[in-house]
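S.K.: Just a sequence and a predicted model for now, questions to come.
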Amino acid sequence: MATKNKNLSQYDKNTIPNANNFRFGIVVSEWNENITEGLYQGAFDALIDNGVPHNSIIRWDVPGSFELIYGCKKMIEQNVDAVIAIGSVIQGETKHFDFVCEGVTQGIKDLNIITDTPVVFCVLTDNTMQQAIDRAGGKHGNKGTEAAIAAIKMANLRSNN
Ligand SMILES: Nc1c(NC[C@H](O)[C@H](O)[C@H](O)CO)[nH]c(=O)[nH]c1=O
Ligand SMILES: CC(=O)[C@@H](O)COP(=O)(O)O
């Protein structure tokens, strides 16, 4: 189902595990910060809404989405229960979009394989700024909210296995 057919911000609190004792790291790319700040707010608000204490959320900023890989690797060393990688990559004139998107995707995938801490992929890869706006609190909801819920569920899975 495409994003246009669902609201990224909707979740049923009755299906969300108890997150009171989990710690979360959020690494935020500064590129397209009008988008990434919206994604961060969605993620932060969802974590708080589900009982995560404010002091159990660590935020670091990195220059761009490609640096999310290293930032998340170092965040994992902070003994958090899950990490959320937040970025916004928007198509420009060249193929750089393709390489950044592929690189960050593969890098975050690798962290999920190599380490024992789940890293949630909250990196928008949009053709236009409007598509990004629509997914960072606009008409399709907020990908950051979706990512926070995924992070809670994965932290819970990790704690039970
Ligand atoms: N064009 C975008 C970038 N490009 C920058 C790279 O992510 C990286 O910081 C640079 O290549 C230095 O290593 N980053 C985004 O997050 N979004 C873009 O649209
Ligand atoms: C994703 C990017 O790196 C891209 O936005 C940069 O723009 P351009 O391809 O025009 O250099």
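M.R.: Perfect, thanks for sending it. Numbers count the residues shown, from 1 in each chain. Ligands and ions are numbered 1, 2, ... in the order given.

S.K.: okay, CA-based contacts and neighbour counts for the rest of this
M.R.: Noted.

S.K.: Quick check: Ser29 touching Gly64?
M.R.: Yes - here Ser29 reaches Gly64: they are 4.7 Å apart, a contact under C-alpha atoms under 8 Å.

S.K.: Quick check: longest helix in this structure by residues?
M.R.: Criterion DSSP state H: the longest helix present in the chain is helix 96-114.

S.K.: And that one, what does it pack against?
M.R.: Judged by 3 or more C-alpha pairs under 8 Å, 6 or more residues apart in numbering; DSSP states H and E, the packing partners of helix 96-114 are helix 68-76, strand 82-90, strand 119-126.

S.K.: tell me which parts of the protein are close to ligand 2?
M.R.: Val89, Ile90, Gln91, Gly92, Glu93, Thr94, Lys95, His96, Phe97 (C-alpha under 6 Å from any ligand atom).

S.K.: So what's the residue count around the third one?
M.R.: Spelled out, it's Gln91. 15 (other C-alpha atoms under 10 Å).

S.K.: so who does it touch?
M.R.: For Gln91, the contacting residues are Phe97, Thr125, Asp126, Asn127, Thr128, by C-alpha atoms under 8 Å, 6 or more residues apart in numbering.

S.K.: Could I get the contacting residues of the fourth one?
M.R.: Contact analysis of Asn127 by C-alpha under 8 Å, 6+ apart lists Ile90, Gln91.

S.K.: State the phi and psi torsions of it.
M.R.: Note on Asn127: backbone dihedrals following degrees, to the nearest 10 are phi -80, psi -30.

S.K.: Next: the one 3 residues further on.
M.R.: According to degrees, to the nearest 10, the main-chain angles of Gln130 amount to phi -60, psi -40.

S.K.: Distance of it relative to ligand 1?
M.R.: 13 Å (C-alpha to the nearest ligand atom, to the nearest Å).

S.K.: Centroid-nearest residue for the protein?
M.R.: Ranked by distance to the mean C-alpha position of the chain (C-alpha atoms, centre = their mean), the top residue is Cys122 at 3.1 Å.

S.K.: show me what contacts that one?
M.R.: Ile84, Ala85, Ile86, Gly87, Lys143, Gly144, Ala147.

S.K.: Next one: the third one from Thr36, what distance?
M.R.: With distances defined as C-alpha to C-alpha, to the nearest Å, the gap from Ile86 to Thr36 amounts to 6 Å.
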